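S.K.: Kindly generate the corresponding structure for this input.
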Amino acid sequence: MARYTGPKVRISRRLGTNIFENEKGRQALERRPFPPGQHGRTRRRNSGSEYLAQMQEKQKAKYIYGLLEKQFHKTYMEAIRLDGPTGEVLLRLLEQRLDNVVYRAGWASSRPQARQFVNHGLIHVDGKRVDIASFRCTTGDVVSLSPRAQKMIVIQHNVDVLDRSVVGWLETGEAGQAVTVRSLPEREHIDVPVRESLIVELYSK
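M.R.: Residues are numbered from 1 along each chain as shown. Alright, predicted model coming up:
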């Protein structure tokens with residue numbers, strides 16, 4: 001599965017958000033809260049350009065959820081066909097990705113790490129191993145750690161140290177080693193710093 005492997009701090013500084021949810025990105029934004037490059041200090045984000053603002057919101061969503069352009073556009077086209085506001089449906093489909101559910105469950109410190117856990121076969125859905133990060137969870141699915149994952153120090157460390165509250169559309173069970181998708185995520189449950197209406201405007205042109 002293709003994924004972004006370029007410089008992450010530059011992306012976070014360019015978009016003004018710690019996209020990859022890592023400590024390095026957080027520190028970089030605190031030290032240099034302006035875009036990278038020779039003229040970064042004097043350059044304003046969005047600088048009055050409607051198109052640039054729309055493009056940056058799309059890039060935020062793509063990098064946060066770890067999708068490349070083709071996969072993101074395919075998800076958007078699917079959102080158009082479903083009932084409800086297209087922008088909210090788009091974010092809902094992205095939230096339902098298995099790697100995001102693993103992140104929301106508090107087992108991973110970031111979505112890239114959650115994706116790695118899925119790719120390594122550490123996650124089960126309804127008792128069956130699933131190693132596809134883009135697998136879409138739906139209501140009633142039980143997502144759990146494999147027996148091997150339950151013994152991993154890094155996962156236990158994340159659970160103990162992060163102490164992340166489980167979002168309202170997930171329900172924790174089995175001593176924190178499994179979560180159940182009790183409903184589809186609503187907009188108020190999605191705390192990503194993305195203005196989805198601008199993404200819809202961009203694709204509607």
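S.K.: If you tally nearby residues, what's the number for Q71?
M.R.: As a burial measure, Q71 scores 16 neighbours (other CB atoms under 10 Å). C-beta: built from backbone N, CA, C; applies to glycine.
S.K.: Please identify which helix or strand holds it.
M.R.: Assigned by DSSP states H and E, Q71 falls within helix 69-81.
S.K.: Identify each buried residue in that helix, please.
M.R.: Within helix 69-81, the residues scored as buried using 16 or more other CB atoms under 10 Å are 71-72, 75-76, 79.
S.K.: With stretch 117-137 instead?
M.R.: Under the neighbour-count rule (16+ other CB under 10 Å), stretch 117-137 has 117-118, 122-125, 130, 133-137 buried.
S.K.: Residues touching that stretch, excluding its own?
M.R.: Contact with stretch 117-137 is made by 1, 66, 71, 93, 96-99, 101-102, 107-108, 114-115, 141-146, 148-149, 152, 155, 181, as judged by CB atoms under 8 Å, 6 or more residues apart in numbering.
S.K.: tell me how far the ends of that stretch are from each other?
M.R.: 16 Å (CA to CA, to the nearest Å).
S.K.: pLDDT wise, what is the residue nearest to the spatial centre of the chain at?
M.R.: Closest to where the C-alpha atoms of the chain average out (CA atoms, centre = their mean) is Y65, at 3.3 Å. At Y65, the predicted lDDT confidence score is 95.
S.K.: From V143, how far out is the closest residue to it other than its chain neighbours?
M.R.: If you skip the residues right next to it in sequence, Y65 has L94 as its closest partner in space, 4.6 Å away by CB to CB, 6 or more residues apart in numbering. Separation of L94 from V143 (CB to CB, to the nearest Å): 16 Å.
S.K.: and these two? which has more neighbours close in?
M.R.: Each of L94 and V143 has its neighbours counted (other CB under 10 Å); L94 has more, 26 against 23.
S.K.: Tell me which residues are up against the strand or helix carrying that one.
M.R.: Counting by DSSP H and E, the element that carries L94 is helix 86-95. With contact meaning CB under 8 Å, 6+ apart, helix 86-95 is reached by 61, 65, 67, 75-76, 78-80, 82-84, 100-101, 104, 136, 169, 184-187, 189-190, 192, 194, 196-197, 199-200.
S.K.: of those residues, buried ones?
M.R.: The neighbour-count test (16+ other CB under 10 Å) marks 61, 65, 67, 75-76, 79, 100-101, 104, 136, 169, 184-185, 189-190, 194, 196, 199-200 as buried among the contacts of helix 86-95.
S.K.: one step back: so which of the contacts of stretch 117-137 belong to strands?
M.R.: Within the contacts of stretch 117-137, residues falling in strands by DSSP state E are 142-145, 181.
S.K.: Okay, helices next: where are they in this structure?
M.R.: With DSSP state H applied, the chain shows helices at 8-15, 23-31, 50-65, 69-81, 86-95, 98-104, 111-119, 147-150, 153-162, 196-204, listed in chain order.
S.K.: okay, the ones you listed in a markdown table with distance to A175 next?
M.R.: Formatted as a markdown table, the helices of the chain follow (distance: least, CB to CB, whole Å):
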| stretch | distance to A175 |
| --- | --- |
| helix 8-15 | 33 |
| helix 23-31 | 28 |
| helix 50-65 | 28 |
| helix 69-81 | 33 |
| helix 86-95 | 24 |
| helix 98-104 | 17 |
| helix 111-119 | 18 |
| helix 147-150 | 9 |
| helix 153-162 | 10 |
| helix 196-204 | 35 |
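S.K.: Done for today, thanks.
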